[in-house]
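A.B. asks: using only what follows, build the 3D model:
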Amino acid sequence: MTSDEKILVAKIEDKARQCSENSMITNSVFLDMHERSVVSGMKNPFSDTRLYFYGGFDDAERTVAVFMPEYITEEPADYFNGYPDDDPIAVVEIEKDKFSPALGHRDYLGALMGLGIKREMAGDIIVSENGCRMAVLAKIAPFVAENLGKAGRGTLKAKIISPSQARDGAKAVGIPDSFTVSSMRLDSVVKNAFRLSRGDAAAAIESGVVYVNDVECTKPDKKIAEGDKVVFRRKGRIIVNDCSSVSKKGRVIVEITRFM
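C.D. replies: Below is the predicted model of the structure:
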């Protein structure tokens, strides 16, 4: 474990301690997928708390670590729907002027950084043709909504909406796809799902940008099974729907849903 990872674990353990001692919901800043994987592997020292990862959007890549007292049995999204004032995340809905040029993820993120906001204060940015929805820590949402007026050469209008509103309007639509592999090794699945060479797929896995069920995996020979989610950072994710059939040539037929 690196020194940065040790510092991260110490901070997360402190959030767990605060939750346990005060019977209150606590949360971290936003974690990227590597940081989330590190936290997933730590042992929670407080048995009267539950750890969840919550990003505002369904299947968010950037999430906060949320500790909830054991008397709260609901998962964060369900609980915060009923108690929105306790939600550590708000979503800023941004609409660009119709005369503004097309804007991308980098434009909106750059505009946010231009306000002096650190990356750890913001989660996923879901870009659409007319603007985007941006998950941020609730405590900075009013500042972002009031001050985020420009991105690139675009003019923006921003308002705060609840994560539940954002989830209702941002359901990911997957694309069915299929391919065949000689075996259900992770590098074979990544090669075919993301259209890479076998060498590039193995290199990507070993570099730590591929996650299986939200846990970083650096072993190209890891076996993938039905129901597994494979995320390739900045390239997309897939869900393995079925891998029980075999072609006439003896290769495994893999049915997936692709999200880009």
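
A.B. asks: need the residues that contact stretch 25-35.
C.D. replies: 8, 11-12, 15-16, 18-19, 39, 53-55, 61-69, 72, 86, 88, 119-123, 135, 137, 208, 211, 214, 216, 231, 233 (C-beta atoms under 8 Å, 6 or more residues apart in numbering). Backbone N, C-alpha and C define where each C-beta goes, glycine included.

A.B. asks: out of those, which are buried?
C.D. replies: Burial by neighbour count, 16 or more other C-beta atoms under 10 Å: within the contacts of stretch 25-35 this picks out 8, 12, 15-16, 18-19, 39, 53-55, 61-69, 72, 88, 121-123, 135, 137, 211, 216, 231, 233.

A.B. asks: tell me which entries of those lie within strands.
C.D. replies: Under the assignment DSSP state E, the buried ones among the contacts of stretch 25-35 contribute 53-54, 63-69, 122-123, 135, 137, 211, 216, 231 to strands.

A.B. asks: out of the residues you listed, the closest to residue 246 would be?
C.D. replies: Proximity of those to residue 246 (C-beta to C-beta) peaks at residue 231, which lies at 26.6 Å.

A.B. asks: stretch 29-46 - what's its average pLDDT?
C.D. replies: Stretch 29-46 comes out with an average pLDDT of 92.

A.B. asks: contact partners for residue 107?
C.D. replies: 151-152, 154.

A.B. asks: including neighbour count, could the residues you listed go into TSV?
C.D. replies: Below are those laid out as TSV (neighbours: other C-beta atoms under 10 Å):
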residue	neighbour count
151	23
152	17
154	19
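
A.B. asks: what does the pLDDT read for residue 97?
C.D. replies: pLDDT, read off for residue 97, is 88.

A.B. asks: ok, it touching residue 155?
C.D. replies: Yes: if you go by C-beta atoms under 8 Å, residue 97 and residue 155 touch, sitting 4.1 Å apart.

A.B. asks: can you report how many residues lie near residue 194?
C.D. replies: Neighbours of residue 194 under the rule other C-beta atoms under 10 Å: 19.

A.B. asks: looking at the protein, which helix or strand is least sure?
C.D. replies: helix 163-168 (a mean of 74; mean pLDDT, DSSP states H and E).

A.B. asks: how far does that one sit from its chain's centre?
C.D. replies: Distance, stretch centre to chain centre, for helix 163-168: 15 Å (C-alpha atoms, centre = their mean, to the nearest Å).

A.B. asks: which strands and helices sit next to the following helix or strand past that helix?
C.D. replies: Sequence order places strand 175-181 as the next helix or strand after helix 163-168, per DSSP states H and E. If you count contacts as 3 or more C-beta pairs under 8 Å, 6 or more residues apart in numbering; DSSP states H and E, strand 175-181 packs onto helix 186-193, strand 252-259.

A.B. asks: what are the boundaries of the helices in the protein?
C.D. replies: 3-22, 33-40, 76-82, 105-114, 141-147, 163-168, 186-193, 198-207 (DSSP state H).

A.B. asks: partners of the residue lying closest to residue 112 once chain neighbours are set aside in the sheet?
C.D. replies: The shortest distance from residue 112 to any non-neighbouring residue, by C-beta to C-beta, 6 or more residues apart in numbering, is to residue 122 (5.8 Å). Note on residue 122: beta-bridge partners by DSSP bridges are residue 136.

A.B. asks: next: the one 10 residues further on.
C.D. replies: Going by DSSP bridges, residue 132 is paired in beta bridges with residue 94, residue 127.

A.B. asks: and if you look at residue 223?
C.D. replies: Those that pair with residue 223 in a beta bridge, by DSSP bridges, are residue 185.

A.B. asks: wait, it touches residue 184, no?
C.D. replies: Yes: using C-beta under 8 Å, residue 223 makes contact with residue 184 at a distance of 5.5 Å.

A.B. asks: any idea how far residue 100 lies from residue 147?
C.D. replies: Noted for residue 100: a distance of 17 Å to residue 147, by C-beta to C-beta, to the nearest Å.
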